[in-house]
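Chemist: sequence-free structure coming up:
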């Protein structure tokens, strides 16, 4: 850690004012850590009721534990000690043991809305202003005054030293930052997903599905050509979630998420292990989510460096990465440290340095998600062994975003000042 700074600073002590657009995982994490680092924060969220999704690996959960949230989060999460993987015929082809804790932290895999509620309440307890029902209409910057701001559809104007857009893959700030419309394209895949109560849907009374409930929490997977399915129990077998990723070439529409049709879900697993159809059909409802991709953006920050993108607004992730929410949290934590070390007079330098710290790491994590999907979808029924494991590399899961930011900020910032700001380049 930088010797001149403590990890926690008095409220408002840096004098840096930040407007965060979006109250998802990335937005709330950024708000929480910026408040802890002494910055003044306000969060604007367009919806009036929050329903957020995502799961957290050890690289993000170690941050939440540092905030004192472990006991509450652990009580609502699934405690999975491994992944039991099968081919589509139902033959077990691999058991991958998960060490708990992993790299010194516990992953949080639970109901996404419940985890998000814990973060939301913690942000409120720190005094973070969170305004629901405030949709941003325009972004603007004033380079001469060194400020940026937003105007909402309600006509409210919010001005700050920095605007952080954490409002997802449809972020209107992306066009403002880039100067052009970045058009997503279909990934060629979609997922069906569901979460439901095990007892209410008879999971424990069906011999094909009761194994999800009798021995604590379990995680099972099935893989086939261009399809993979993951099913988990949590809360000691009381809750069930499943997600099935499959080929889907549906043209992009205005909406990418719809209510799913169970008949379409079950068609995917025709001829598969009967346990798959059994657990899938227990869900009272499911969501059909079309997976879209963006080519890596050339930059996540505006030319004035007072408006920026984080999380899915900057770098969307595929579900097989299991890192979308975690990387968004890393974004927010790293930014809070960069701003603390730079100070109010050097906000643009902090933002530029932050981007260079984060850019390659994020891309590496994205690519890992793509490679995991591909190896499962191309596996043959007789494939066996550890090459089928869900990747859990130390560089990803053993990472501490806060400690890393403190350790590298000075050198990266010095390079920015000496060489002049250049767009980051992927290796």
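Modeler: Cool, got the structure. Not measured: the values here are computed from a predicted model. Residues are numbered from 1 along each chain as shown.
Chemist: Residue 279: what's it in contact with?
Modeler: By C-beta atoms under 8 Å, 6 or more residues apart in numbering, the contact set of residue 279 is 203, 208-209, 212, 231, 240, 242. C-betas here are computed from N, CA, C, even on glycine.
Chemist: The same query, at a cut-off of 7 Å, please.
Modeler: 209, 231, 240, 242 (C-beta atoms under 7 Å, 6 or more residues apart in numbering).
Chemist: Quick check, the first one in contact with residue 276.
Modeler: No: the pair residue 209 / residue 276 is not scored as a contact, 10.1 Å apart, by C-beta atoms under 7 Å.
Chemist: Domain boundaries for the protein, per the record?
Modeler: Here the domain parsing of the chain from automatic domain parsing is 17-79+105-183+294-419, 185-288.
Chemist: What is the neighbour count of residue 426?
Modeler: 10 (other C-beta atoms under 10 Å).
Chemist: same thing with residue 403?
Modeler: So residue 403, with other C-beta under 10 Å, has 14 neighbours.
Chemist: how close does it get to residue 7?
Modeler: From residue 403 across to residue 7, the span is 9 Å (C-beta to C-beta, to the nearest Å).
Chemist: now do residue 15
Modeler: For residue 15 relative to residue 7 (C-beta to C-beta), the value is 19 Å.
Chemist: swap in residue 286?
Modeler: For residue 286, the distance to residue 7 equals 42 Å [C-beta to C-beta].
Chemist: Same question for residue 102.
Modeler: From residue 102 over to residue 7 (counting by C-beta to C-beta), the distance is 23 Å.
Chemist: Report all helices and strands that the host helix or strand of residue 62 contacts.
Modeler: Assessed by DSSP states H and E, residue 62 sits inside helix 58-66. Packing partners of helix 58-66 (3 or more C-beta pairs under 7 Å, 6 or more residues apart in numbering; DSSP states H and E): helix 324-342, helix 394-397.
Chemist: all helices for the protein, in order.
Modeler: Taking DSSP state H as the test, the helices found in the chain are 25-36, 58-66, 70-75, 112-125, 173-178, 262-268, 274-281, 324-342, 347-377, 394-397, 401-419.
Chemist: For the fifth one, give the mean pLDDT please.
Modeler: Okay, so that is helix 173-178. For helix 173-178, mean pLDDT rounds to 95.
Chemist: Same question for it: list its buried residues.
Modeler: Within helix 173-178, the residues scored as buried using 16 or more other C-beta atoms under 10 Å are 173-174, 176-177.
Chemist: if we can go back for a sec, neighbour-wise, which of residue 209 and residue 276 wins?
Modeler: Neighbours were counted for residue 209 and for residue 276 using other C-beta under 10 Å; residue 276 has more, 27 against 22.
Chemist: From residue 69, how far off is that one?
Modeler: 35 Å.
Chemist: Same question for residue 404.
Modeler: 21 Å.
Chemist: Settle it for me: which of the two has more neighbours?
Modeler: residue 69 (19 against 16).
Chemist: And the pLDDT at the more buried one?
Modeler: Per-residue confidence at residue 69 stands at 95 (pLDDT).
Chemist: Cross-check the contact I'm expecting between it and residue 118.
Modeler: Yes: Residue 69 is within contact range of residue 118, at 5.9 Å (criterion: C-beta under 7 Å).
Chemist: and the helix or strand of the chain with the lowest mean pLDDT, how far out from the chain's middle?
Modeler: Counting by mean pLDDT, DSSP states H and E, the chain has its least confident helix or strand at strand 109-110, which shows a mean of 80. When distances are taken as C-alpha atoms, centre = their mean, to the nearest Å, strand 109-110 is centred 13 Å away from the chain's centroid.
Chemist: Can you list the strands that that strand pairs with?
Modeler: strand 77-78 (antiparallel) (DSSP bridges).
Chemist: For stretch 38-47, buried residues please.
Modeler: 38-46.
Chemist: closest to residue 418 among the residues you listed?
Modeler: Nearest to residue 418, judged by C-beta to C-beta, of those is residue 39 at 26.5 Å.
Chemist: if I look at the nearest residue to the closest one once chain neighbours are set aside, how far off is residue 27?
Modeler: Nearest non-adjacent residue to residue 39, counting by C-beta to C-beta, 6 or more residues apart in numbering: residue 16, 4.5 Å away. Counting by C-beta to C-beta, the separation of residue 16 from residue 27 is 17 Å.
Chemist: Please identify which of these two sits among more neighbours.
Modeler: Legend: neighbour count by other C-beta under 10 Å for residue 16 and residue 27, higher for residue 27 (31 against 24).
Chemist: residue contacts, the nearest residue to that one once chain neighbours are set aside?
Modeler: Spatial nearest neighbour of residue 27, chain neighbours left out: residue 166 (3.7 Å); criterion: C-beta to C-beta, 6+ apart. Residue 166 makes contacts with 20-22, 24, 26-27, 30, 310-311, 313, 328, as judged by C-beta under 7 Å, 6+ apart.
Chemist: how about these in JSON lines, adding distance to residue 128?
Modeler: Shown next, in JSON lines, are those (distance: C-beta to C-beta, whole Å):
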{"residue": "20", "distance to residue 128": "9"}
{"residue": "21", "distance to residue 128": "14"}
{"residue": "22", "distance to residue 128": "13"}
{"residue": "24", "distance to residue 128": "14"}
{"residue": "26", "distance to residue 128": "14"}
{"residue": "27", "distance to residue 128": "10"}
{"residue": "30", "distance to residue 128": "10"}
{"residue": "310", "distance to residue 128": "16"}
{"residue": "311", "distance to residue 128": "17"}
{"residue": "313", "distance to residue 128": "19"}
{"residue": "328", "distance to residue 128": "16"}
